[in-house]
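> Sharing a model prediction with you, sequence too.
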Amino acid sequence: MIGRLNHIAIAVPDLAAAVETYRDQLGARIGPAQALPEHGVTVVFIDTGNTKVELLEPLGAASPIAAFLEKNPAGGMHHLCFEVPDIAAAMARLQAGGARVLGDGRPRIGAHGNPVIFLHPKDFTGTLIELEQVPA
């Protein structure tokens with residue numbers, strides 16, 4: 001069902017500092033910052049050639065990333081995002097198997113302009129999973 005790994009997301013307390021570290025220390029190609037108010041984050045994508053790394057900073061105190069950073073003040077790996085060809089079919093299959101979709105259970109538009117859902121980490125060995133529908 002899952003396709004390629006689209007990105008690995010890392011929550012950071014200071015996006016500018018994280019961008020500087022990845023750019024200056026690792027020579028990363030950094031994309032532009034995107035504020036995503038509907039998700040409560042500001043993101044930057046790093047292209048690694050075979051996938052991306054997403055740096056996430058909270059956008060306001062109500063951000064789910066703010067809660068993550070309260071427990072992990074230095075930041076850390078937040079989620080893995082896998083591509084799927086049909087998010088509705090993926091959701092139906094997962095829910096039939098007992099997996100829980102977070103939020104209201106409906107896909108939302110993600111940073112790449114595609115529908116996304118998040119799956120409960122307790123259903124996936126402690127890892128938050130994002131699924132992103134990508135065009136065929």
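Thanks, I have it.

> so where's this protein shaky on pLDDT?
Of all residues in the chain, none has pLDDT under 70.

> can you do 80?
Scanning the chain for pLDDT under 80 picks out 136.

> Do you have the helices of it handy? List them.
15-26, 64-71, 87-96 (DSSP state H).

> show me where the chain has strands.
Taking DSSP state E, the strands of the chain run over residues 5-11, 29-30, 34-36, 41-47, 52-58, 76-84, 108-109, 115-119, 128-133.

> which of the ones you listed sits most buried?
Comparing the strands of the chain by mean neighbour count (mean count of other CB atoms under 10 Å), strand 52-58 ranks first with a mean of 23. In short, each C-beta sits where N, CA and C put it, glycine included.

> elements contacting it?
Using 3 or more CB pairs under 8 Å, 6 or more residues apart in numbering; DSSP states H and E, the elements in contact with strand 52-58 are strand 5-11, helix 15-26, strand 41-47, helix 64-71.

> Would you list the strands that it pairs with, along with their directions?
Here strand 52-58 has these sheet partners by DSSP bridges: strand 5-11 (parallel), strand 41-47 (antiparallel).

> With distance to residue 97 as extra columns, can I get these in CSV?
Converted to CSV, these look like this (distance: least, CB to CB, whole Å):
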stretch, distance to residue 97
strand 5-11, 21
strand 41-47, 29
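
> Mind listing residues that contact stretch 18-35?
With CB atoms under 8 Å, 6 or more residues apart in numbering as the test, stretch 18-35 has contacts from 10, 12, 15, 41-48, 53, 55, 57, 59, 75, 111.

> For residue 128, which non-adjacent residue is spatially closest?
residue 79 (3.9 Å; CB to CB, 6 or more residues apart in numbering).

> so who does the one you found touch?
8-9, 118, 127-130.

> mind redoing it with 10 Å?
By CB atoms under 10 Å, 6 or more residues apart in numbering, residue 79 lies in contact with 7-11, 54, 56, 68, 118-119, 121, 124, 127-130.
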